[in-house]
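S.K.: Here is a sequence with its predicted model. Questions after.
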Amino acid sequence: MGRMSRRAFTVAALTTLVAAGDAAAAPRRTATAGRAPAPGGMPAASGEMRGMWLATMGNRDWPSRSGLTGSVQRAELRALLDTAVRHGLNTVFFQVRPSADALWPSPYEPWSRYLTGTQGTDPGWDPLGTALEEAHARGLQLHAWFNPYRVAPHTDLSRLAVSHPARTHPDWIVAYGGGLYYNPGLPQVRAFVEEAILDAVRRYPVDGVHFDDYFYPYPVASQAFDDDAAYQAHGRGFPDRAAWRRNNIDLLVRETAARVRELRPAARFGISPFAVWRNAQTDVRGSATRAGVQTYDDLYADTRKWVRSGWLDYICPQLYWNIGFADADYAQLVPWWAQVVQGTQAQLYLGEALYKAGAAAQPAAWQDPAELSRHLTFARRYPQVRGHVFFAARDVAADPVGAMARVVADHYQRPAKPPR
């Protein structure tokens with residue numbers, strides 16, 4: 001999540017989506033008084049999420065390019081984990097299934113091409129296993145981050161590994177917006193995706209299982225996601241296709257949550273959605289936003305329901321806008337999300353757009369190194385907010401305008417354990 005909105009195949013594509021008209025906000029709720037925060041930010045005994053996403057899609061953060069030797073890749077990975085420790089972070093969200101592939105020896109899907117340059121080629125080592133070992137040795141938690149339905153950032157099945165399930169089952173695939181996707185409307189697809197993900201959960205002591213913001217793909221103008229046959233076969237009993245699509249995603253989330261808890265009770269299951277569920281003008285329960293994308297209507301992701309139904313251990317909306325942004329004010333979305341999680345078991349973390357800090361295409365607020373620190377200061381007003389996650393690892397390491405250094409100086413001078 002968002003982040004690439006968080007993630008229209010590349011950070012650039014995602015940023016374009018957000019600028020084109022995503023999200024929100026006139027004030028809806030006043031700040032809630034909470035326990036007095038400790039100097040580090042969160043209430044004294046509560047724990048605090050201090051995380052960073054480590055993206056592998058397109059070699060965004062790691063490895064720096066495909067085809068490097070295993071020893072160089074391991075050294076780069078260790079350096080990024082050291083970066084997290086150096087900045088007072090306690091959790092890394094490691095993208096291990098960026099596009100229907102794997103960064104572990106999966107019996108279900110091929111090795112990721114972002115490792116060797118060729119999908120299906122064994123890199124000679126186990127990135128997920130190594131990442132867990134190295135993270136835990138540094139006192140970091142590691143959440144395995146999976147993208148459920150994205151298959152490829154192109155539409156040519158022949159470019160996939162010969163053994164790829166998409167080539168074995170081309171009827172599972174929908175081409176849309178220049179990419180290939182598994183069809184969420186097919187029960188056999190949902191069953192396969194869950195098995196592919198849960199293989200890692202069975203085999204590795206992951207601290208969490210993490211989904212990003214891609215469910216049904218982000219809408220592309222003048223294009224339709226062709227799931228007619230699946231809807232005709234499986235859509236009976238639903239008032240319309242949108243309700244059927246939302247139910248398909250609900251099933252994925254609910255079933256994955258239950259199976260993660262069964263297989264690895266200590267692991268936590270969470271999702272990082274685009275931050276606008278619905279605009280208030282669409283639904284009075286929504287945020288005071290004017291978003292061009294609404295997860296409920298466009299991605300068929302009922303993120304509010306997932307929280308209030310108890311399916312998630314945490315939610316981390318991608319609040320990738322500055323305080324005062326006309327269409328999506330950070331200071332208005334934080335209280336909306338705080339109200340959503342109020343009274344539920346789900347913890348609320350806030351996704352932070354570190355990648356925007358100092359970026360030339362961003363508005364003046366993002367040229368100020370103190371913008372992100374102000375986000376953390378503002379969020380302390382809400383006891384429901386249990387921490388922040390920064391996109392992404394490469395930006396934490398480079399920190400071109402010192403925004404992350406300012407966060408550390410203002411908020412992370414004392415160590416903190418993740419929330420329990």
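M.R.: Looks like it came in fine. Treat the numbers as computed from the prediction; the structure is a model and nothing was measured. Numbering: from 1, shown residues only.

S.K.: number of nearby residues for E255?
M.R.: When neighbours are counted by other CB atoms under 10 Å, E255 registers 15. For glycine as for every other residue, the C-beta is placed from the backbone atoms N, C-alpha and C.

S.K.: contacting residues around it?
M.R.: R190, E194 (CB atoms under 8 Å, 6 or more residues apart in numbering).

S.K.: One more: A79?
M.R.: With the criterion set at CB under 8 Å, 6+ apart, A79 makes contact with A397.

S.K.: State whether it is indeed within a helix.
M.R.: Yes: inclusion of A79 in a helix is indicated when DSSP: H, G, I helix; E, B strand; the rest coil is applied.

S.K.: Correct me if wrong: C316 contacts V389.
M.R.: Yes: with contact defined as CB atoms under 8 Å, C316 reaches V389; the gap is 5.5 Å.

S.K.: Give me the more crowded residue out of these two.
M.R.: C316 (30 against 27).

S.K.: before we move on, the earlier item: intersection of neighbour lists for C316 and V389?
M.R.: Residues touching both C316 and V389 comprise S272, Y349, L350, G351, with contact defined as CB under 8 Å, 6+ apart.

S.K.: remind me which residues of this protein are low pLDDT?
M.R.: Residues of the chain meeting the criterion pLDDT under 70: 1-46.

S.K.: Without its sequence neighbours, what residue ends up closest to D250?
M.R.: On the basis of CB to CB, 6 or more residues apart in numbering, the spatially nearest residue to D250 that is not a chain neighbour turns out to be D302, at 6.5 Å.

S.K.: same deal with P317?
M.R.: Residue nearest to P317 in three dimensions, not counting chain neighbours: A275, with 3.9 Å by CB to CB, 6+ apart.

S.K.: Let me know how buried the one you found is, in neighbour terms.
M.R.: When neighbours are defined as other CB under 10 Å, A275 has 35 of them.

S.K.: what do you get for R386?
M.R.: 24.

S.K.: That one belongs to a strand?
M.R.: Yes: remark: R386 belongs to a strand, assigned using three-state DSSP.

S.K.: List the contacts of it.
M.R.: M42, S46, G47, E48, M49, Y314, Q347, L348, Y349, P419 are the contacts of R386 under CB under 8 Å, 6+ apart.

S.K.: In PyMOL, select just the buried ones from those.
M.R.: Burial among the contacts of R386 is assessed by 16 or more other CB atoms under 10 Å; the matching PyMOL selection reads:
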select buried, resi 42+46+47+48+49+314+347+348+349+419
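
S.K.: Can you add distance to P400 and secondary structure and give the contacts of R386 back as CSV?
M.R.: Listed next are those as CSV, based on distance: CB to CB, whole Å; DSSP: H, G, I helix; E, B strand; the rest coil:
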residue, distance to P400, secondary structure
M42, 27, coil
S46, 32, coil
G47, 30, coil
E48, 25, coil
M49, 24, strand
Y314, 29, strand
Q347, 31, strand
L348, 29, strand
Y349, 24, strand
P419, 30, coil
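
S.K.: Can you redo the contacts of R386 as JSON lines, where the extra columns are distance to H210?
M.R.: What follows is those, written out as JSON lines (distance: CB to CB, whole Å):
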{"residue": "M42", "distance to H210": "20"}
{"residue": "S46", "distance to H210": "21"}
{"residue": "G47", "distance to H210": "18"}
{"residue": "E48", "distance to H210": "18"}
{"residue": "M49", "distance to H210": "12"}
{"residue": "Y314", "distance to H210": "9"}
{"residue": "Q347", "distance to H210": "13"}
{"residue": "L348", "distance to H210": "15"}
{"residue": "Y349", "distance to H210": "11"}
{"residue": "P419", "distance to H210": "15"}
